[in-house]
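K.L.:
dropping the sequence and predicted coords here.
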Amino acid sequence: METFFATCPRGLEDELKKEFMDLGGQAVRATPGGVECQGPFSLCYRLNLESRIASRILWRVGEGSYRHEEDLYRLASQLPWPQWFSVNCRIKVRLVAQQSPLTSLEFSTLRVKDAICDRFLRDIKKRPEVDKRNPDIQIVVFVDESQVAMYLDTTGSPLFKRGWRQAAGEAPLRENLAAGILRLSGWTSDQVLLDPMCGSGTFLIEAGLMAKGVAPGARREFSFRHFRNFDRVAWSEIRPDVQQALPKTPQLKLFGFDHDAEALSMARSNLQFVGLGGVQVNPGDVLEITPPADKGIMVTNPPYGVRMGNQPDLEEWYPKFGDMLKQRFSGWTVYVLSADFRFPKLIRLAPSKKIPLFNGGLESRLYEFQMVAGGNRKAARLSKRQGVD
Ligand SMILES: C[S@@+](CC[C@H](N)C(=O)[O-])C[C@H]1O[C@@H](n2cnc3c(N)ncnc32)[C@H](O)[C@@H]1O
């Protein structure tokens, strides 16, 4: 039985835990910033291929207590690295510290790298090259106040890089955050989904791939192929054939708008690339669109000043957005991701939920608004009962 630790965007740990339980993980446990689970080595093939929420899957290869850099050197040199990967692989060591007493993280990282190279020299008289930009094998070391855990990264480039993005706008949402938000919204493929400011189309594509049951990692490679224990046959048995057409499903009810022609053309080429060319994204100003159905789920991340949009303009725009929701979207449930915490006040609606999430390094909130007919007094009462301010 092996132990794996998956990192994910903060705030999505519980959703990732559910996903790992569905994917066959055992002893699944959520911790801040990730989820630990156990299973046979081949479990990491499935987690890399199928997880929509994880950022990377790490395989735990060593752990212990430590006080100084030299304890890290000792622990790392005891591990049989040459049994796990070839000396021809280029390596990178990354150290992540939380409340660690180590004085220099850079020096500690070097000591772990030295220990790995020295272990190779001792066992096979050759040492691997370091490549910080494009390593074949990444060794991740987590240190807290007194404990260290060493991992081999089974993923490579992070899992939100699905391999379908032909084009990205100014502030595209990470794919795993979009997938996590769809899970938090409870959207199911029989429901209408609308992103009225769809940019490059991330929510719509993640929703389409979920509805069609397409593995998010089907189009990319993973670092585990460099491991000595890589089981080509087992992998080829679970890896889907991306050349095949997507499975037929009842017509998807996915709708997107954006007022920017360039964003729409990016969304279209991304949708086309993944085989979701039938999904309509149309030009439109969010303040003027007509809802595509009487009820449904809206998910969106409007411009919020930090990365795009001009602050005074946004202050005028938000109340108009709130008025538009009240006038046209009764019957809908609306989810807005924003890093601007004045958002609910500015749109003058009471959120029924406020979920803290990190968008890259940016602290954000996912606001849920139940758009009930006659304003959202009911939602306001509900939020008061749930202690949402
Ligand atoms: C933060 S980006 C959304 C990114 C998108 N979720 C993605 O993953 O690419 C905000 C988007 O809102 C669009 N937008 C801004 N104001 C708009 C408006 N009034 N009507 C329609 N779209 C608007 C912008 O063109 C931009 O594409």
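P.N.:
Alright, I've got the coordinates.
K.L.:
domain parsing for the protein?
P.N.:
2-153, 175-212+251-385 (automatic domain parsing).
K.L.:
tell me the mean pLDDT for the host helix or strand of Glu316?
P.N.:
Using DSSP states H and E, Glu316 sits within helix 311-328. Averaged over helix 311-328, pLDDT sits at 88.
K.L.:
do that helix and the ligand meet?
P.N.:
No. Helix 311-328 stays clear of the ligand (CB under 6 Å from any ligand atom), getting no nearer than 7.0 Å. To be clear about C-beta, it is placed using only N, CA and C from the backbone, and glycine gets the same treatment.
K.L.:
do the same with stretch 180-199
P.N.:
Yes. Using CB under 6 Å from any ligand atom, stretch 180-199 reaches the ligand at 197, 199.
K.L.:
now do the end-to-end distance for that stretch.
P.N.:
18 Å (CA to CA, to the nearest Å).
K.L.:
show me which positions of it end up buried.
P.N.:
180-185, 187, 189, 192-199 (16 or more other CB atoms under 10 Å).
K.L.:
tell me which of those residues is nearest to Pro247?
P.N.:
Nearest to Pro247 among the buried residues of stretch 180-199: Ser189, at 11.7 Å, using CB to CB.
K.L.:
let me know the pLDDT of that closest one.
P.N.:
For Ser189, the predicted pLDDT is 95.
K.L.:
spatially nearest residue to it, not counting backbone neighbours?
P.N.:
Nearest residue to Ser189, sequence neighbours excluded (CB to CB, 6 or more residues apart in numbering): Ala211, at 3.5 Å.
K.L.:
thinking again about what came up before, residues making contact with the helix holding Glu316?
P.N.:
Residues outside helix 311-328 that contact it (CB atoms under 8 Å, 6 or more residues apart in numbering): 286-287, 289-291, 302-305, 332, 334, 340, 343, 346-349, 369, 371, 375-376.
K.L.:
make a ChimeraX selection of the buried ones in these.
P.N.:
The buried subset of those, as determined by 16+ other CB under 10 Å, is captured in ChimeraX by this line:
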select :286,289,291,302,303,304,305,332,334,340,343,346,347,349,369,371,376
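K.L.:
in this structure, which residue sits closest to the ligand?
P.N.:
As assessed by CB to the nearest ligand atom, the ligand sits closest to Gly199 within the chain, at 2.7 Å.
K.L.:
where does that residue land in three-state SS?
P.N.:
Classification of Gly199 by DSSP: H, G, I helix; E, B strand; the rest coil places it in coil.
K.L.:
what do you get for Phe5?
P.N.:
Per three-state DSSP, Phe5 ends up strand.
K.L.:
wait, what's in contact with the residue nearest the centre of the chain?
P.N.:
With distances taken as CA atoms, centre = their mean, Asn176 lies nearest the centre of the chain, 2.5 Å away. Applying CB under 8 Å, 6+ apart to Asn176 gives the contacts 8-9, 12, 51-55, 159-160.
K.L.:
same question for Leu23.
P.N.:
Contacts of Leu23 by CB under 8 Å, 6+ apart are 43, 46-47, 50-51.
K.L.:
ok, now how distant is the residue of the chain closest to the ligand from Gln244?
P.N.:
28 Å (CB to CB, to the nearest Å).
K.L.:
same thing with Arg228?
P.N.:
31 Å.
K.L.:
worst average pLDDT in the domains of the chain?
P.N.:
Among the domains of the chain, domain 175-212+251-385 scores lowest, with a mean of 89.
K.L.:
among the contacts of Asn176, which one has the most neighbours?
P.N.:
The residue in those with the most neighbours, by other CB atoms under 10 Å, is Ala54 (32 neighbours).
K.L.:
which residues of the stretch 51-200 of the chain lie near the ligand?
P.N.:
So the stretch 51-200 of the chain meets the ligand at 169, 171-173, 197, 199-200 (CB under 6 Å from any ligand atom).
K.L.:
strands of this protein, start to end?
P.N.:
Along the chain, the stretches classed as strands by DSSP state E are 2-7, 26-31, 34-39, 56-65, 91-97, 137-143, 147-153, 193-195, 254-258, 280-283, 297-300, 333-338, 353-359, 362-370.
K.L.:
who does the second one pair up with?
P.N.:
Read it as strand 26-31. Strand 26-31 pairs in its sheet with strand 34-39 (antiparallel), by DSSP bridges.
K.L.:
could you do the shortest one as well?
P.N.:
For strand 193-195, the paired strands and their directions (DSSP bridges) read strand 254-258 (parallel), strand 297-300 (parallel).
K.L.:
tell me the gap between the first one and the middle of its chain.
P.N.:
When you say that, I think you mean strand 254-258. How far strand 254-258 lies from its chain's middle: 22 Å, per CA atoms, centre = their mean, to the nearest Å.
K.L.:
any idea how far the residue lying closest to Phe107 once chain neighbours are set aside is from Glu106?
P.N.:
In space, and not counting its chain neighbours, Phe107 is closest to Glu69: 6.0 Å by CB to CB, 6+ apart. Glu69 sits 10 Å away from Glu106, going by CB to CB.
K.L.:
looking at those two, which is more packed in?
P.N.:
Glu69 (18 against 9).
K.L.:
show me the contacts for that one.
P.N.:
102, 104, 107-108, 111.
K.L.:
could you give me the ChimeraX syntax to select whichever of the residues you listed are buried?
P.N.:
Remark: buried members of the contacts of Glu69, expressed as a ChimeraX selection using 16+ other CB under 10 Å:
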select :102,108,111
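K.L.:
ok so, going back, any idea how many residues pack against the residue nearest to Ser189?
P.N.:
21.
K.L.:
also Pro101?
P.N.:
Count around Pro101 with other CB under 10 Å applied: 12.
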